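[1] Quick check, what structure comes out for this input:
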Amino acid sequence: MNHLAAPTDVIWDVTYACPLRCMHCYSESGRRAARQLSHDDMLRVADAIISLRPSSMEFAGGEPLLIKRIHEVAERFTQAGIKVNLYTSGWTFTPRMAEDILGVFSRITVSIDGATPEVHDRIRSRAGSFERTMNTLAILDEASAERTARGGEPVEFGIDYAVLRSNLHQTEEFCTEILPRFPRVRFLNFAAAVPTGLASRPEFSEHELLDNEQLRALIGEEHNQRLLAAAPASVQIRTSDNFILMMHPNLMAQMAFPLMHIEPDGQVRAMPIYEGTVGSLLTDDPTVLWERAVARWSDPFVVDALTPVRSMRDWAEATRRIDYHFGTDADRRRIDRRPAHPVPVSL
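    Numbering: from 1, shown residues only. Below is the predicted model:
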């Protein structure tokens, strides 16, 4: 297996606090303790990450903007020459915080999972969340206009759309109805939701994750051409099946996986979307943690679980096996407490 001496990209779920309760939440944020560190300890974790010299850094969650002085933590990275990207639901975004945020984050991604409030708010499990995302896009759009009017570079902002069976039908509508409202949006990613966290539940994988035919259609040339024709020419459109996140043994034998994933309290996950950590950036050598993570990728249990996967349902089953095997007792109790996803009623 080829592997890098250090990760080139790092995702830090800086908190599990969240105002939303998304049905497919990978981290189960808002349903568990926030586990976020003090400001000083966040800076210590930042320094540990910086020592690995990644080329980019993502702040995710949970909702990163719930953390006071989060821009100061981001600034630690920018001062070290590392680009920092922000993922946000937009729930807490206001014009007042825009200046601080835009001063330190190189790229801002707003999560939106539908072209209408009915679809998005159902998936996000909170009424009004769609309008909050629209307000956030409006603030970013105006900020970008003001910046370019002063001769500066536009704000690099866009949208991530997690594709499920219940919102797949709105991808083209999103391009025609939502994007024209915000002419300075730079990118739109349609990426299949993957079976991790709440999305790995058996009922969810059966009724909401895309089947193989839908996955082929999502990333197929015909669908991509329709999206490009529907969207403004200024927006970069991408589609993905997200299979790289599975870390399938066949793929890992051919590539150098670049990603490290960190939990809010500085614990490093061995594999980004699966339960199971290898130590803490507050106490352990970051390079040693990376080596421990790499070793997990070829663990016989992991190889046995992932090798037979041929569909999202297979992948969800493999996720449940890996999570239960490598997770802590607390992780297993949380998994056991997950509510079953409601099964749609056929009329």
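
[2] C-alpha from now on. contacts and neighbour counts both.
    OK.

[3] how about the helices in the stretch 101-250 of the chain?
    Assignment of helices within the stretch 101-250 of the chain using DSSP state H, counting those that start in this stretch yields the ranges 117-124, 129-149, 171-173, 202-207, 212-219, 221-230, 249-252.

[4] What lies in contact with the first one?
    The set of residues that contact helix 117-124 without belonging to it, under C-alpha atoms under 8 Å, 6 or more residues apart in numbering, is 20-24, 112-114, 127-131, 166-167.

[5] and the end-to-end length of stretch 88-107?
    For stretch 88-107, the first-to-last residue distance is 11 Å (C-alpha to C-alpha, to the nearest Å).

[6] let me fix that: stretch 278-285
    Across stretch 278-285, the terminal residues are separated by 11 Å (C-alpha to C-alpha).

[7] now what about that stretch, what contacts it?
    So stretch 278-285 is contacted by 41, 44-45, 48-49, 265-270, 289, 292-293 (C-alpha under 8 Å, 6+ apart).

[8] Tell me the gap between it and the middle of its chain.
    23 Å (C-alpha atoms, centre = their mean, to the nearest Å).

[9] Can you list the buried residues in that stretch?
    The neighbour-count check on stretch 278-285 (16 or more other C-alpha atoms under 10 Å) flags Val278, Gly279, Ser280, Leu281, Leu282 as buried.

[10] returning to that earlier point: buried subset of the contacts of helix 117-124, written for PyMOL?
    Only the buried entries of the contacts of helix 117-124 go into this PyMOL selection, using 16+ other C-alpha under 10 Å:
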select buried, resi 20+21+22+23+24+112+113+114+129+130+131+166+167
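
[11] Can you tell me which of the contacts of helix 117-124 is nearest Ala193?
    In terms of C-alpha to C-alpha, no member of the contacts of helix 117-124 lies closer to Ala193 than His24, at 7.6 Å.

[12] Find the nearest non-adjacent residue to that closest one, please.
    Excluding its sequence neighbours, the residue lying closest to His24 (C-alpha to C-alpha, 6 or more residues apart in numbering) is Ala199, at 4.5 Å.

[13] Met312 versus the one you found, what's the distance?
    Distance from Ala199 to Met312, by C-alpha to C-alpha: 10 Å.

[14] who touches both of the two?
    Joint contacts of Ala199 and Met312 (C-alpha under 8 Å, 6+ apart) are Ser205, Leu209.

[15] what residue is smack in the middle of the protein?
    In the chain, the residue lying closest to the centroid (C-alpha atoms, centre = their mean) is Ala60, at 6.6 Å.

[16] wait, doesn't that residue sit right on Val84?
    No - counting by C-alpha atoms under 8 Å, Ala60 does not reach Val84; the two are 10.8 Å apart.

[17] Can you turn the buried part of the contacts of stretch 278-285 into a ChimeraX selection?
    Selection of the buried residues among the contacts of stretch 278-285 in ChimeraX, burial being defined by 16+ other C-alpha under 10 Å:
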select :44,45,48,49,265,266,267,268,269,270,289,292,293
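
[18] Quick one: residues contacting Ile112.
    Here Ile112 is in contact with Ser89, His120, Phe130, Thr133, Ile159, Asp160, Tyr161, Ala162 (C-alpha under 8 Å, 6+ apart).

[19] and what of Gly61?
    Trp12, Asp13, Val14, Thr15, Tyr16, Ala17, Cys18, Ser27, Ser29, Tyr87, Pro264.

[20] same thing but 7 Å
    When contacts are counted by C-alpha atoms under 7 Å, 6 or more residues apart in numbering, Gly61 touches Asp13, Val14, Thr15, Tyr16.

[21] number of nearby residues for the second one?
    Val14 sits with 27 neighbouring residues when counted by other C-alpha atoms under 10 Å.

[22] quick one: contacts for the closest residue to it other than its chain neighbours?
    Excluding its sequence neighbours, the residue lying closest to Val14 (C-alpha to C-alpha, 6+ apart) is Pro264, at 4.4 Å. For Pro264, the contacting residues are Trp12, Asp13, Val14, Thr15, Tyr16, Arg35, Gln36, Leu37, by C-alpha under 7 Å, 6+ apart.

[23] Need the residues you listed in CSV (columns: pLDDT).
    Formatted as CSV, the contacts of Pro264 follow (pLDDT from 0 to 100):
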residue, pLDDT
Trp12, 98
Asp13, 98
Val14, 98
Thr15, 98
Tyr16, 98
Arg35, 97
Gln36, 97
Leu37, 98
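
[24] Kindly supply the PyMOL command isolating those of the residues you listed that are buried.
    Those of the contacts of Pro264 that count as buried under 16+ other C-alpha under 10 Å are selected in PyMOL with:
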select buried, resi 12+13+14+15+16+36+37
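
[25] Among the contacts of Pro264, which lie within strands?
    Per DSSP state E, strands hold the following members of those: Trp12, Asp13.

[26] Format the contacts of Pro264 as a markdown table; extra columns: distance to Val302.
    Formatted as a markdown table, those follow (distance: C-alpha to C-alpha, whole Å):
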| residue | distance to Val302 |
| --- | --- |
| Trp12 | 23 |
| Asp13 | 23 |
| Val14 | 27 |
| Thr15 | 27 |
| Tyr16 | 26 |
| Arg35 | 27 |
| Gln36 | 29 |
| Leu37 | 30 |
